[in-house]
Each structure stands twice: as C-alpha cells, then as structure tokens.
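[1] What would the 3D arrangement of this be:
(2 chains)
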Amino acid sequence: MVDITPGVAYGFFTDTSVCIGCKACEVACKEWNQLPGNEPTFGDGFDNTGSLDAQNWRHVKFLDIVPDKPVGVGQGKAWLMMSDVCKHCQHASCLDVCPTGAIIRTEFDTVFIQPDVCNGCRDCISACPYGVIEMDENAKVAQKCTLCYDRLQGGMEPACAKACPTQSIQFGPIQELRDRAQQRVTDLHGQGVTQARLYGEDESVYGGLNAFFLLMDEPEAYQLPNAANAVLPSRNNERGYLATLITGVVAVIGGLIALRRRRERSPEPAEVPPEPTEVPPEPAERT
Amino acid sequence: MMSLADAEHFVRGPDWTWYILFYFFLAGLSGGSYAIATLLRLGNRADEPAARVGYYIAFPTMLVCPILLTLDLGKPLRFWHMLVNTTPGDEGPIFKYWSPMSVGAWALVVFSVFVTVSFFEVLVRDRVIRLKIADLAVRLLDGARGKLWNVVGAVLGLFIAGYTGVLLAVSNQPVWSDTWALGGLFLASGLSGSAALLGWLAHYRRDAQDTAAGLARSERLFQVLELALIVVFVVTLIPAGDSALTRAFGFPWTLLWAVALIGLVSGLRGPMASRASIGPDGTVAVRTARVAAAPSVALVLLGVLALRAAVIFSGQ
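    Down below sits the predicted model:
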C-alpha cells in the first residue's frame, strides 16, 4: 500500500517483460472511470481495443513478432505486450499548447485535463506525440488517463495498477519507481535478457515521463518516438513566426512598390465629402 | 538537425476539417485585404477609393471567422474559455504567448475591433452612413491618427493571415510540424487572394478603377512570393524523409496542389486590358495592365482554398 501525499511526484513504472496481456488494467480503468468503451474490433491478433483514445485510457498493445520459420522450444519470441497509457510528461506538449488552461499539472505531478474547463479545441490532440488524447463524443471535451486523480486524492492507488495481476504496472513515488526499474534492468541483463531497456525514466524523453516503461525492444517497435524524435511542438514557434515576419516584410515592401502609382494625375477625394455623390457601378473593362 | 527518415510520428489527428479550413481561408482574406487597403491608403491619395474597397472586404470575411471557430469547438458555448481561465483558484484572463492558438484568439479579438471601426469609417466617408455624430467620430481618424490606426490594424491583419500556419507547425503532426514555412506560405497566399479579390471588386467602383493595375502588379508579386514559399515548404520537408513528402503530396492531395498551382498560374497569367484616359491637359494616356476577370479571380481564390486544404488534410 502506497502512502499518497500531495506535493510528491507519483507515476507508473510499466514493466512490459512481465505483461501477460490479460487486460485487467483496461477493465479496471473503464470500471472506475465509468468509460463505456467502444465496440470491440477483431482483427488477426488479440487486440480488440485498437489504441489509446477517449474510451481507452489504458490500452494493451499486442505486437506480433512471431517468426516465419519454426524455432526450438524457448528460442522464439511470439508477442511483445505492453500496457500503454498517458506518459504524464514533465515537458508535456498538450499542457504547453492548451489555450484555455484546462490542462494542468496536479499536486501529484501528473497531467490532468479539467473537463469543465476544456472547450474541445483539440489543440492538445495535435500536440501529443503519443496519440493519447481524443475527443469524447459524449462529453465533447478532450479526454485521457487522469492517473486516477480522484483516487489519489482519496489516498488510493490508480485502478489499473491495483488490478494488474503480474505487477507489470507499478505505482509509486517517481524516484522510488526509478530505483526499482534500474534494479530490474540490471537483473534482466544479468539473466542474459540484454534487450531490456528503460524508456522515459530519465530526462532524455520530454524531460522524463511520470509513466515510464521497461521495454523489450527499440521504442519504435512499440510506436514510441525515440529520444531524437521526442520534440516539443514549441520548437517551431520562433522559426515559424520568423518566416512569417520575413514574408510580411517582403510583402509590405514589395506591395508598396507595386501599388505605387505611375506618374499621372488623379482627382483626390475628400476624406469626408461635403455632398453625397452617387456613383453607379459599371462593368469592368475587360478584354 | 534530423537525418533522412528520422522524423517519426505516432500521433492522432485533431480532426480539424471544414470549419478550420474556411476559417484559415477567410482569415487570410480579411487580414490580407486590411493590409493591402492600408498600403493603398499610405500611398497615393487617389488610391483611397480602392483602399475603402479593401476595408469593406475585411469586415464580412472577418465576421464569419469567430463563428466558424466557435462551431468547431466541442463545447461552443465555452468559446470564451480561450480568453478567460476558469480553473478554480486561477480565474482571470489567460494569454500564453507560446501557444499560437492562445495568441491567435486574442489577436482575432483585437483585429476585429480594428476591422469594425475601419468598416464603419469608410461607410461614413462614402456617405452610406449620414449622421452628424458619425462624421465627428470619423474625424478622430483623420490624418496621422487614422494612419497609425490603420498601420496597427494592418500588422494585426498580417498576423491573422499568417499565424494559422504557425498554429499548424506548433504541433507534433506529420507534415505540419516538419516545416516552419507554413506561416509565411499562408500569409503570401492570403495576400495574393486578397489582391485578386480587391482588384476585381475595385472594378465595380468607378473611382477605384485606376488602382486596378497596381493591384494586379501586387497580386503577381504576392503570387511569386507564394510560389517561392511552396518551394521552401518542399525543401523543409526533405529532412523529415520520404514519408513526409509522400504524405503531403501523395494522392488525393496531389489534386488539391494542382488546383492551388492552377490558381497561381491563373493569377500570374491573368487577362490583359488597355485603358485610355484623358488628362486635364488634354493628353491621352494608354495603359496596359493585367486586370482581374471573374473566372480568373475565382480560380485564384479556389487555389488559396485548395492550398490550405492540401496542408490541413494531408497532415492528419
């Protein structure tokens, strides 16, 4: 049982090496947050929820890496499974761009969308690099994992972590989780599982993720941007405005030159004519 | 700097579609028209009638913008949340200079004041409104004060026409965030569309017809600028890899780009017209210039719309 104190940073450490794809996290999340869910879709895998969205704040990814040729017992990998969730980034793109102030950082250092402040502009959706946020078609506001903000306020751990039967999802103070994750990677490497690695536990990805992962492959295999691609939307602010400014200056100077009258005499209208003058419109002279 | 094929996007599109497309289009025309009108007013006083046409265009096009933006919201009745933070304990005006949507919301409010005042000013100066009090009010905008008002409004107009591109770039969407050229591109495109529209409408006002040649010249200049920025747009997408280029220019967006280019070419190769005028001293001056014809202007405006559609729809 974790003692939850406001002012302390909390988060998730999701260890994908022990995820069995049971989806208890998805069910617990929907149950607690009263998410009706989408109609399930059935493809050629075990994933029937598709992706993180307004109804799926936890989503278990099933990444099929079954080899084409038969392999010996214990030599083949079949699936990578990962319970994905909002990363509650330290440098959160969604929070950055939100024009209404609806997205806030809570007293538990998590990122929360206030449903009564959000007006559904969807700027956060365009900014989130993980495709986490979606418009809720019923509430008409942007929605995502709240890291069970209401449960934390009541001193309870998030529903998904509580329901996870393999402790793939671990909840706790961030620093404690980081220490635990480092130890787990060391242990796995010691067992010869050298592909194990951490994602988002340090500042290389969005200043650190409050929901970070132990992965069994490259981040890209899980559709997570690597450190080089983990960039903030605001990177384009300065150069975007600069390009606009330069264009504006060129256009104004060019416009003034182009609009300059050739030497000719034209009547100058009074700023406020003393008498009204009706000028019937005439068709344009064209060839 | 990213290397080829380095840009990865695992994002969800914001579903900014028709309302946003037409907002971007009308914002470009409103801002562009106001700016061109001000350039005309700052120049020769004989261009004042054409300038007034520009202020007339800026008003109705601007009027529709907040309506489109509001309708696009999930919660339209909370449109004012763009300006006022209602977070408990943090109530008050909200302005985030690093968020183009926040800056744009404020800029649109302020610009609408300038557009509205200038619209009523030209209504009074054209004697459409004939009220003593209105005449007195308009005299406040005589001389340097009026020019300063118009210059500030024009700067806001240029911002409104261009910031929409920056808004797209400040995201993590493919294509949009892979380039920094969209702000300039949308600005140039908005100006070229505005010059075409203004040039065409100026023909329906006798005292503005002499400005048509200058407007046609400016339209071509803005179109050359737009063409150059399309090239910059392509070049800036190259480091993001083939996927960005394919996404931006692949089918069906190729068709929209084709319409945009047809609009550009149509503007650059508009119909020629000659006009003879007799001066007070009896001399006859014959001037040849490309002037706007309705089909040509329609093509230019369609191109302006198609350019925005290609960018908006291909990125999400």
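[2] Against B:A169, how distant is A:W57?
    29 Å (C-beta to C-beta, to the nearest Å). No exception for glycine: its C-beta is placed from N, CA and C like everyone else's.
[3] ugh, wrong one, I meant A:H91
    A:H91 is 18 Å from B:A169, by C-beta to C-beta.
[4] So which of those two has more stuff around it?
    B:A169 (29 against 16; other C-beta atoms under 10 Å in any protein chain shown).
[5] ranges for the strands of the stretch 151-287 of chain A?
    With DSSP state E, counting those that start in this stretch, the ranges of strands along the stretch 151-287 of chain A come out as A:169-173, A:197-199, A:211-215.
[6] quick one, which of those is packed in tightest?
    Each of these was scored by mean neighbour count; the highest is strand A:211-215, a mean of 25, by mean count of other C-beta atoms under 10 Å in any protein chain shown.
[7] List the neighbouring strands of it plus their orientation.
    Using DSSP bridges, the strands paired with strand A:211-215 in its sheet are strand A:10-15 (parallel), strand A:197-199 (antiparallel).
[8] quick one, phi psi at the nearest residue to A:G254 once chain neighbours are set aside?
    Closest residue to A:G254 apart from its sequence neighbours, by C-beta to C-beta, 6 or more residues apart in numbering or on different chains: B:L221 at 4.6 Å. With angles defined as degrees, to the nearest 10, B:L221 sits at phi -60, psi -50.
[9] Give me the neighbour count for B:L221.
    Counted with other C-beta under 10 Å, B:L221 comes out at 22.
[10] tell me the contacts of it?
    The contact partners of B:L221, by C-beta atoms under 8 Å, 6 or more residues apart in numbering or on different chains, come to A:251, A:254-255, A:258.
[11] Determine which two of these are furthest apart.
    A:A251 and A:A258 (9.9 Å; C-beta to C-beta).
[12] More neighbours: which of these two?
    Higher neighbour count among A:A251 and A:A258: A:A251, with 30 against 20, using other C-beta under 10 Å.
[13] The more buried one reaches B:F222, doesn't it?
    Yes: with contact defined as C-beta atoms under 8 Å, A:A251 reaches B:F222; the gap is 6.2 Å.
[14] Does B:Q209 touch B:G199 like I think?
    No: in this structure, B:Q209 is not within contact of B:G199 by C-beta under 8 Å, at 10.1 Å.
[15] Same drill for these two, tell me which one is more crowded.
    For B:Q209 versus B:G199, the count of surrounding residues by other C-beta under 10 Å is larger for B:G199: 33 against 19.
[16] Over to the more buried one. Which of the three states is it?
    Judged by DSSP: H, G, I helix; E, B strand; the rest coil, the three-state class of B:G199 is helix.
[17] how close does B:P49 sit to B:Y204?
    Distance from B:P49 to B:Y204, by C-beta to C-beta: 11 Å.
[18] Could you dump the strands paired with strand A:211-215 into CSV with mean pLDDT added?
    Formatted as CSV, those follow (pLDDT from 0 to 100):
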stretch, mean pLDDT
strand A:10-15, 98
strand A:197-199, 97
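[19] now those in JSON lines, with distance to B:I230?
    As requested, the strands paired with strand A:211-215 are exported to JSON lines (distance: least, C-beta to C-beta, whole Å):
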{"stretch": "strand A:10-15", "distance to B:I230": "44"}
{"stretch": "strand A:197-199", "distance to B:I230": "38"}
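[20] if we can go back for a sec, can you check which residues contact both of A:A251 and B:F222?
    With C-beta under 8 Å, 6+ apart as the test, A:A251 and B:F222 both reach B:188, B:191.
[21] The closest residue to A:Q170 other than its chain neighbours: what's it in contact with?
    In this structure, A:Q170 finds its nearest non-sequential neighbour in A:F13, 4.6 Å apart by C-beta to C-beta, 6+ apart. Taking C-beta under 8 Å, 6+ apart, we find A:F13 in contact with A:169-170, A:172, A:177-178, A:180-181, A:201, A:212-214.
[22] List just the one of the strands of the stretch 151-287 of chain A that sits closest to B:L21.
    Between the strands of the stretch 151-287 of chain A, strand A:211-215 lies closest to B:L21; by C-beta to C-beta that is 35.1 Å.
[23] ok, now which ones touch B:L191?
    Contacts of B:L191 by C-beta under 8 Å, 6+ apart are A:251, A:255, B:28, B:32, B:35-36, B:161, B:218, B:222, B:225.
[24] part of a helix, is it?
    Yes: according to three-state DSSP, the state of B:L191 is that of a helix.
[25] Return the per-residue confidence for it.
    Each residue has a pLDDT score; the one for B:L191 is 98.
[26] Which of the three states applies to the residue of the stretch 1-150 of chain A found nearest chain B?
    Closest residue of the stretch 1-150 of chain A to chain B, C-beta to the nearest C-beta: A:G120 (2.0 Å). With three-state DSSP as the basis, A:G120 sits in coil.
[27] Who's the closest spatial neighbour of it, skipping the chain neighbours?
    B:G74 (2.0 Å).
[28] Tell me, how many residues neighbour the one you found?
    Neighbours of B:G74 (other C-beta under 10 Å): 17.
[29] isn't it right up against A:E134?
    No: B:G74 lies out of contact with A:E134 (C-beta under 8 Å); the separation is 11.0 Å.
[30] need the contacts of B:L221 in CSV with pLDDT, can you?
    Formatted as CSV, these follow (pLDDT from 0 to 100):
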residue, pLDDT
A:A251, 97
A:G254, 96
A:G255, 96
A:A258, 93
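[31] how far away is A:W32 from A:A163?
    In terms of C-beta to C-beta, A:W32 sits 9 Å off from A:A163.
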